[in-house]
Each structure stands twice: as structure tokens, then as C-alpha cells.
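**Q** Here you go, sequence then predicted model.
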Amino acid sequence: MGFGDLKSASGIKVLNDFLSERSYIEGYVPSQADVAVFESISAPPTADLCHALRWYNHIKSYNNQKSSLPGVKKPLGQYGPAGVADTTSGGGDDDDDIDLFGSDDEEDAETTRLKEERLAEYAARKSKKPTLIAKSSILLDVKPWDDETDMSKLEECVRSVQMDGLIWGQSKLVPVGYGIKKLQIGCVVEDDKVGTDLLEEHILAFEDFVQSMDVAAFNKI
């Protein structure tokens with residue numbers, strides 16, 4: 001495997017094709033593999049080699065952090081697509097590149113370890129991203145039976161409705177006629193946990209005080 005001579009146009013072309021289907025030389029995060037290849041390039045790829053140029057500019061942004069990237073640098077010829085000879089070592093017989101005493105098992109274990117490390121780092125970053133919680137602001141009209149209904153007690157009953165994802169807000173009494181006043185009260189709810197049907201069910205349960213409940217306003221936050 002290898003990219004060939006990365007100081008030549010043909011080598012950069014191989015690199016560009018290699019990066020057309022992946023973001024990094026190895027794995028899913030920048031690593032020492034990217035640093036090794038980056039440092040073997042003498043000049044930025046041209047604009048027509050967009051994949052290689054995108055990768056080059058991205059790794060360049062880690063200029064002061066390259067040493068902190070994960071992984072261990074390997075010989076340049078161990079990176080890249082299979083079947084491309086690494087000509088940067090000055091030629092020689094193909095047998096010169098073969099480690100007769102190397103262990104495939106050791107290399108596979110190291111590759112597996114690095115992959116697991118990078119996947120764990122990726123999962124950790126994803127888990128730190130805040131989850132957007134959909135909320136709504138609701139204004140309710142709660143009507144009593146008549147002008148003799150104790151409105152302070154009615155409001156106390158309404159506010160006694162407590163559930164996960166519900167926060168009661170300000171309230172006021174609004175005249176509706178014949179000396180009767182309705183309770184207008186606001187609340188904020190988490191959409192996945194509290195709906196208007198559930199609120200109505202709980203509020204109408206105070207049937208000694210509440211005649212009806214209507215939604216006066218409903219706005220997504």
C-alpha cells in the first residue's frame with residue numbers, strides 16, 4: 001500500500017482519489033497518520049484536486065496541535081491504497097520493504113486498538129453535544145361555575161397540578177360578565193412530556209371549582 005511519491009503530481013492524484021471516500025487517512029478523527037502524510041507533501045494540492053486540498057487545509061489548521069493528535073506515526077508506505085508502490089525511499093528491490101520478522105498479529109492488534117480509541121473519542125464528543133428540547137408557552141383560560149366560586153382556591157388547585165416538564169407562570173383574573181371572572185394563567189411545557197389534553201384532564205378534575213378550560217394562546221419556544 002502507499003501513495004507513491006507525494007512530492008509529485010501523480011502521488012497527490014492518488015491521495016485525492018483516496019480521500020474522495022473518506023475524511024482522514026485512517027479512522028474518523030485526525031491522527032498521526034494524517035500528520036505523517038501531511039508532512040510528506042511539499043506544497044498544497046491544486047484546486048482541481050478538491051478532496052486532497054480540503055484535507056490538507058483541515059490538517060494544516062492543527063498546526064500547533066499536531067503532536068497532541070492520537071495514534072503513532074508509521075512509515076509513509078503503510079498508509080494509503082493497496083497496490084501503489086512507495087518510491088520515496090530511493091528505489092531498491094521490493095524485498096527491501098518486507099519485514100521477514102514482523103508480526104501481522106501485532107500490527108492488527110495495534111490497528112484495532114487505534115480504531116477503538118478513535119471511535120471512543122468520537123462517541124465522547126457526540127455525547128457532549130446538548131440535546132435540543134422542544135418547549136411551548138401556553139396561556140390557559142380557566143372558568144369557574146359562578147361568581148361565588150373562590151378564585152383563590154381555584155388557582156391553588158390549578159397550580160397544584162405538578163408534572164415533569166411543566167412550569168407554571170404568572171396569572172390574573174379577567175372579567176367575563178355578570179360579576180364572574182376567569183383565571184388566566186401561563187405555563188411552559190416540554191412538548192414530549194406535557195400536552196394540552198393532559199393539562200385539561202388534570203384541571204377539570206377539580207370539578208367543584210372548574211367549569212371549563214380553554215387554550216387562549218399557544219406558542220412554540
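**A** That came through, no problem. Please read these numbers as outputs of a predicted model, since none were measured by experiment. Numbering: from 1, shown residues only.

**Q** Contacts only, for the residue sitting furthest away from the middle of the chain.
**A** Distance from the C-alpha centroid of the chain, by CA atoms, centre = their mean, peaks at Tyr178 (56.4 Å). Listed by CB atoms under 8 Å, 6 or more residues apart in numbering, the contact set of Tyr178 reads Asp147. Heads up, the C-betas are built off the backbone N, CA and C, glycines and all.

**Q** partners of Ala217 in the sheet?
**A** Counting by DSSP bridges, Ala217 is bridged to Leu139.

**Q** Now do it, the pLDDT please.
**A** pLDDT, Ala217: 94.

**Q** and stretch 196-203, C-alpha only, in CSV?
**A** In CSV, the C-alpha atoms belonging to stretch 196-203 read as follows (Å, rounded to 0.1, in the frame of the first residue of the first chain):
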residue,chain,number,x,y,z
THR,A,196,-52.9,20.4,26.5
ASP,A,197,-55.1,17.4,26.7
LEU,A,198,-53.2,16.2,29.7
LEU,A,199,-53.4,19.6,31.4
GLU,A,200,-57.2,19.8,30.7
GLU,A,201,-57.7,16.4,32.2
HIS,A,202,-56.0,17.3,35.5
ILE,A,203,-57.5,20.8,35.8
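
**Q** for the record, mean pLDDT for it?
**A** For stretch 196-203, the mean pLDDT works out to 93.

**Q** Show me which helix or strand of the protein is least confident by mean pLDDT.
**A** In the chain, the helix or strand scored least confidently by mean pLDDT, DSSP states H and E is helix 104-128, which has a mean of 76.

**Q** any weak-confidence spans in this protein?
**A** Low-confidence segments of the chain (pLDDT under 70): 1, 83-107, 128-131.

**Q** need the strands for it, in chain order.
**A** Along the chain, counting by DSSP state E, strands occupy 135-144, 166-177, 180-190, 210-220.

**Q** residue contacts, Gly165?
**A** Gly165 sits next to Val189, Glu190, Asp192, Lys193, Val194 when contact means CB under 8 Å, 6+ apart.

**Q** I misspoke; the intended subject was Ala52.
**A** Contacts for Ala52 were tallied using CB under 8 Å, 6+ apart; they are Ile12, Leu15, Asn16, Leu19, Pro45.

**Q** Which one (most neighbours) among those?
**A** Highest neighbour count within those: Leu15, with 27 neighbours (other CB atoms under 10 Å).

**Q** Chain neighbours aside, what residue packs nearest to Pro44?
**A** Tyr56 (5.4 Å; CB to CB, 6 or more residues apart in numbering).

**Q** burial count for the one you found?
**A** By other CB under 10 Å, 21 other residues sit near Tyr56.

**Q** closest one to Asp150 among the strands of the chain?
**A** strand 135-144 (8.5 Å; CB to CB).

**Q** Can you give the contact residues for that closest one?
**A** With contacts defined as CB under 8 Å, 6+ apart, strand 135-144 is touched by 151, 154, 158, 174, 176, 180-191, 196, 199, 203, 209-221.
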